[in-house]
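Asks: Give me the fold of what follows.
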Amino acid sequence: MSQGLFASWPDVWLFDGARTPFVDYTGALALVSPTDLGIKAAREAIRRAGIEPAAIGTVIAGSVAQASFDAYMLPRHIGLYAGLPQEVPAHLVQRVCGTGIEALMQGADAITHRGIAAALCVGAESMSRNPIAAYTHRNGFRLGQVEFRDFLWEALLDPAPGRTMGETAEALAERFGISREEVDRFAAQSFARAIAASDFRAGEIVPVVSEVFARDGLADRGIRLPRSTAEISADTHVRPSPLAVLEKLPPAFGGVQTGGNSSAIVDGAAAAVIGRRDTAAHPPLARLVAGVAIGCAPGIMGIGPVSAIETLLVRAGLTLDAIDRVEINEAFGAQVLACARALDLDEARLNVNGGAIAIGHPLAATGLRLTLTLARELRRSGRRFGIASACIGGGQGIALLVENTEA
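Replies: So this is what the prediction gives:
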């Protein structure tokens with residue numbers, strides 16, 4: 001168990017957090033910069049945490065795909081326009097689908113080892129603004145070789161194993177004997193659970209409106225929604241999706257995965273404030289206990305949560321029986337089912353409020369959404385331990401142990 005990157009923290013707490021609605025690809029958030037989505041979520045997270053911005057010692061933000069020309073400044077601008085002192089530093093993290101959890105882990109490390117009281121952790125992603133790009137034309141265009149390509153689509157291919165992310169899920173379906181019917185049933189359950197949890201989920205959402213983000217001495221920036229949209233206050237992909245509908249959809253990768261049982265492509269951001277207990281303005285949501293990031297075979301990258309969760313449990317001195325709730329990001333239905341089978345995990349404890357198949361997967365924001373949902377669910381249900389986890393393109397897994405100390 002010496003493999004992987006493990007850390008534990010004696011005094012790091014999730015004060016509170018917030019996220020924007022997750023809005024379907026090319027929908028009402030399509031023209032909004034991920035930086036501005038991140039600012040919106042960050043401002044609300046700080047407000048809900050009840051902490052003074054001056055108490056925050058660092059900003060750790062993630063955005064997987066560059067989606068604006070000022071992308072280099074995304075973490076810094078989030079911190080500045082969220083009202084943090086000018087002296088507070090900011091940096092960008094990127095662990096693909098594990099980015100949001102990675103931001104929390106790095107924030108916890110900074111609180112534990114670098115002398116700060118609190119950290120602002122943010123994930124923001126605009127899938128709609130992923131560019132149509134060319135990487136080989138800086139020195140001009142060769143005759144007949146103009147190669148602008150869709151970054152959002154091309155990034156799904158991992159050239160190391162020669163498989164797309166969807167094909168890695170298909171490989172897991174074959175390995176674990178998972179049928180199309182099972183994947184569709186899991187997707188229908190995800191949608192049904194998300195619908196049932198609509199009121200609960202609304203508690204983590206800050207409505208988005210057209211507004212200006214101003215700071216003295218800096219240029220204004222902000223959010224401008226389409227003229228026909230005054231406010232967005234709910235996730236847009238959650239909808240009735242019974243098995244009878246899902247089973248009619250065509251395969252997307254030649255096997256069990258379809259557009260209906262894979263994660264929804266959405267735009268959105270999430271943020272959380274974490275810190276030492278003595279910095280909290282009110283009782284925190286949960287304690288961040290420990291986390292693990294670990295590699296796995298790229299060709300079956302979706303199995304990454306298994307080794308991450310197993311390593312986390314061993315290093316934390318727990319067994320899976322002690323974990324009351326588990327959130328595994330639903331990148332693909334077959335991938336989550338494969339993880340559940342490998343772990344021998346009861347689905348009654350897994351993604352009980354629905355997952356990314358129904359809600360959506362804005363890459364950098366997902367890990368923060370998983371953790372915030374998990375902490376709120378532990379508090380609501382009176383349960384003690386939970387794990388938030390995700391598979392990671394390229395062959396990694398990440399997992400975070402959360403404790404409700406009030407249980």
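
Asks: Any figure for the gap between the closest residue to residue 330 other than its chain neighbours and residue 156?
Replies: The shortest distance from residue 330 to any non-neighbouring residue, by Cβ to Cβ, 6 or more residues apart in numbering, is to residue 355 (3.6 Å). No exception for glycine: its C-beta is placed from N, CA and C like everyone else's. Applying Cβ to Cβ, to the nearest Å, the value for residue 355 to residue 156 is 19 Å.

Asks: Also residue 302?
Replies: From residue 302 to residue 156 the distance is 13 Å (Cβ to Cβ).

Asks: Touching both of those two, which residues are there?
Replies: Counting by Cβ atoms under 8 Å, 6 or more residues apart in numbering, the shared contacts of residue 302 and residue 156 are residue 165.

Asks: which one of these two has more residues nearby?
Replies: Ranked by neighbour count (other Cβ atoms under 10 Å), residue 302 and residue 156 place residue 302 first, with 33 against 16.

Asks: so what's the more buried one up against?
Replies: 165, 168-169, 172, 331-332, 334-336, 338-339, 391.

Asks: thinking the residue nearest to residue 330 is in contact with residue 336, fair?
Replies: Yes - between residue 355 and residue 336 there is a contact at 7.3 Å, judged by Cβ atoms under 8 Å.

Asks: what do those two both touch?
Replies: 328-330.

Asks: Save those as a markdown table, and put in pLDDT too.
Replies: A markdown table is the format used below for these (pLDDT from 0 to 100):
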| residue | pLDDT |
| --- | --- |
| 328 | 98 |
| 329 | 98 |
| 330 | 98 |
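
Asks: And those residues, which is closest to residue 131?
Replies: residue 329 (24.3 Å; Cβ to Cβ).

Asks: Closest to residue 192 out of the contacts of residue 302?
Replies: residue 336 (15.3 Å).

Asks: Tell me which residues touch that closest one, please.
Replies: 186, 302, 328-330, 350-351, 355.

Asks: can we see that at 6 Å?
Replies: 328, 330 (Cβ atoms under 6 Å, 6 or more residues apart in numbering).

Asks: Now it. Its backbone dihedrals?
Replies: phi -70, psi -40 (degrees, to the nearest 10).

Asks: That one and residue 91: what is the separation?
Replies: From residue 336 to residue 91 the distance is 31 Å (Cβ to Cβ).

Asks: do residue 159 as well
Replies: Taken as Cβ to Cβ, the span from residue 159 to residue 91 is 28 Å.

Asks: Look at those two and report which has more neighbours.
Replies: Comparing residue 159 with residue 91 by other Cβ under 10 Å, the one with more neighbours is residue 91, at 14 against 7.

Asks: does the residue of the chain positioned farthest from its centre count as helix, strand or coil?
Replies: In the chain, the residue that sits farthest from the middle, by Cα atoms, centre = their mean, is residue 143; the gap is 41.9 Å. With DSSP: H, G, I helix; E, B strand; the rest coil as the basis, the three-state label of residue 143 is coil.
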